[in-house]
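Okay, predicted coordinates and the sequence, questions at the end:
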Amino acid sequence: MSTNWRTSTRTIAAISLAAASIFLIYVSRSIIPYLVIAALIAVIARPFILWLHQRARLPRGLAVGLVYLVGLMLVPLALLLTLPAIADSISFVLNLDYQSIFLNLLSWLRTNLAAIQAIVLPVPGLDQAVDQAIATLLKQLGQTTTSQTAPQLSSLETIIQSLGTALQTTFRTAAGVVSLLFSQLTLWLFIFLSSIYISLGAHSYKDGFLGILPASYQPEIKTLLDRIEHTWNAFFRGELILMTVIGLISGIGLAILGIPGALYLGIIAGLLEMLPNLGPIIATVPAVIVALLQGSTYLPVSPLVMALIVILFYIMVQQLENSLIVPRILGEAVDLPALVVMSGVLIGAEVGGLLGALLATPVVATIRELMRYTYRKILAQEPFPPGERLPDPPANPLPQISAWLKARFAPRTKPGQHTKK
């Protein structure tokens, strides 16, 4: 039996289907972030699953089971090994003596302002105005310094009186803590199982989506989906390599400069690479603070000069990263202007918090692919010209970095000079 709906019926059905889809998304909005995390885990696990399925000739279900079983064993082990170092790094940065920095800065300002005030300007009116302005600033700085008094501790009687209230609050919230812990475990179990189901059915999602499209559109939509998938795979693999490389370079470089806590500062620099463009700038701040406070352990320079050297070092790392490491690791898949990336990170943080900030780059790259496809279709152009190919996948940047360093720091032979064999 075959019947055709009238145009009005099809229109009503399409509107109803769209409204039902929007309502379903609205109702399930609370679990969408967890489904996104599950999908991200599935994307990370997909290359290993494909390798076992295509190269090792294992059934898809067995490949999925092996990958998630190994991940379930290795991820907690990796967290146990790395979390202490990460916690120590964060603690090292948080426990810096920021008050000493503030007081030293005030002392430096007062000294220089007093020196400027002692200078006699050739114009009497201007000299008097500058002296009055500097005197006002020095007065304000003196009040700021004297206001830095130590906090008053509570008396023993007050502490004993508040102890009973604290115990009552503790027992009252114990049930809430247990309930919260149970709910979090349930959510993580939901994410883990959802990721497994996504991995098991990943091969059928694309075919199912392409099957509902007209046959004439299927080849170009398949190419578009392949480009988007390549973008996300390149981002995750590239970010992991980038975090490792930048963390090693920063840690080793700071250790050579004699900066205390170089290992911790290198870990911080590697972790902040998750925030494109903004992360390296933030990572510079604690290193400069350590240089201002403690200087170098063996270089005979003042802390201020050491801080300037650290800033120059981080600028060099940024230049090396932007000119060589990022193009080689991430390739053209996520090649976006710095302003676009930073704007995307801020917008992603506003919309989706930390997860939105971390995923801003691949999301913006995906939007670029969709806009490029739509723009070419609007102009009746070929959406994917024959000469346009997928960007190269992330590659190992170490040989290129080694060649770059040798080309700039290796001794050069003078004209007429021959190397010994």
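Looks like it arrived, so ask away.

Do a quick rundown of the helices in this protein.
7-27, 32-50, 60-94, 98-118, 124-146, 156-211, 218-257, 262-272, 278-294, 303-320, 326-329, 338-358, 360-378, 398-409 (DSSP state H).

How much space separates V363 from W232?
In this structure, V363 and W232 are 9 Å apart, going by CB to CB, to the nearest Å. The way it works is simple: take the backbone N, C-alpha and C, and place the C-beta from them, glycine included.

now do A20
From A20 to W232 the distance is 29 Å (CB to CB).

Please apply the same query to Q99.
Between Q99 and W232 the distance is 45 Å, computed by CB to CB.

about what we covered before: turn the helices of the chain into a markdown table, columns for mean pLDDT.
Shown next, in a markdown table, are those (pLDDT from 0 to 100):
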| stretch | mean pLDDT |
| --- | --- |
| helix 7-27 | 87 |
| helix 32-50 | 83 |
| helix 60-94 | 78 |
| helix 98-118 | 74 |
| helix 124-146 | 69 |
| helix 156-211 | 71 |
| helix 218-257 | 86 |
| helix 262-272 | 86 |
| helix 278-294 | 84 |
| helix 303-320 | 88 |
| helix 326-329 | 70 |
| helix 338-358 | 80 |
| helix 360-378 | 87 |
| helix 398-409 | 54 |
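
circling back: when A20 and W232 are compared, which one has more neighbours?
Taking other CB atoms under 10 Å, A20 and W232 do not tie; W232 has more neighbours (21 against 10).

correct me, but the more buried one touches V43?
Yes: using CB atoms under 8 Å, W232 makes contact with V43 at a distance of 5.6 Å.

Tell me the buried residues in stretch 110-126?
For stretch 110-126, the neighbour count (16 or more other CB atoms under 10 Å) marks 110, 113, 117 as buried.

quick one: terminal-to-terminal distance for it?
For stretch 110-126, the first-to-last residue distance is 20 Å (CA to CA, to the nearest Å).

Report the contact partners of A202.
Neighbour list for A202: 42, 46 [criterion: CB atoms under 8 Å, 6 or more residues apart in numbering].

what's the burial count for P383?
Neighbour tally, P383, other CB under 10 Å: 15.

so who does it touch?
P383 makes contacts with 220, 223-224, 372-373, 376-377, as judged by CB under 8 Å, 6+ apart.

A269 contacts I282, correct?
No: the criterion here is CB under 8 Å, and A269 misses it with I282 at 9.4 Å.

more crowded one of the two?
The neighbour comparison of A269 against I282 (other CB under 10 Å) goes to A269, with 28 against 12.

give the contact list for that one.
A269 neighbours (CB under 8 Å, 6+ apart): 246-247, 250-251, 280, 283, 287.

6 Å instead, please
246-247, 250, 283 (CB atoms under 6 Å, 6 or more residues apart in numbering).

Next, give me the two most distant ones among those.
By the measure CB to CB, G247 and A283 form the most distant pair in the contacts of A269, at 9.7 Å.

re the thing from before, and the contacts of A269 as JSON lines, adding neighbour count and distance to I25?
Output for these, formatted as JSON lines (neighbours: other CB atoms under 10 Å; distance: CB to CB, whole Å):
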{"residue": "I246", "neighbour count": "25", "distance to I25": "38"}
{"residue": "G247", "neighbour count": "21", "distance to I25": "39"}
{"residue": "S250", "neighbour count": "26", "distance to I25": "42"}
{"residue": "A283", "neighbour count": "25", "distance to I25": "37"}
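
From the residues you listed, pick the one nearest L324.
Of those, the one sitting nearest to L324 (CB to CB) turns out to be I246, at 11.9 Å.

What pLDDT does the model give the closest residue to that closest one other than its chain neighbours?
Leaving aside its sequence neighbours, I246 sits nearest to E273 (CB to CB, 6 or more residues apart in numbering; 5.1 Å). We have a pLDDT of 85 for E273.

V245 versus E273, what's the distance?
Taking CB to CB, one finds E273 at 9 Å from V245.

now swap in P84 and tell me
22 Å.

more crowded one of the two?
Per other CB under 10 Å, whichever of P84 and V245 has more neighbours is V245, with 20 against 10.

Name the nearest residue to the more buried one, sequence neighbours excluded.
Counting by CB to CB, 6+ apart, V245 lies nearest to I325, which is 6.0 Å off, once chain neighbours are set aside.

What's the local residue count around the one you found?
22.

Identify the residue spatially nearest to the residue positioned nearest the centre of the chain, adjacent ones excluded.
Nearest to the mean C-alpha position of the chain, by CA atoms, centre = their mean, lies M274 at 1.9 Å. Once flanking residues are discounted, M274 sits nearest to L358: 5.4 Å by CB to CB, 6+ apart.

And for D335?
D335's closest residue in space is P327 (CB to CB, 6+ apart), at 7.4 Å.

Quick check: the closest residue to P33 other than its chain neighbours vs M274, distance?
Spatially, and ignoring its direct neighbours in sequence, P33 is nearest to L355 (6.7 Å; CB to CB, 6+ apart). Distance, L355 to M274, using CB to CB: 11 Å.
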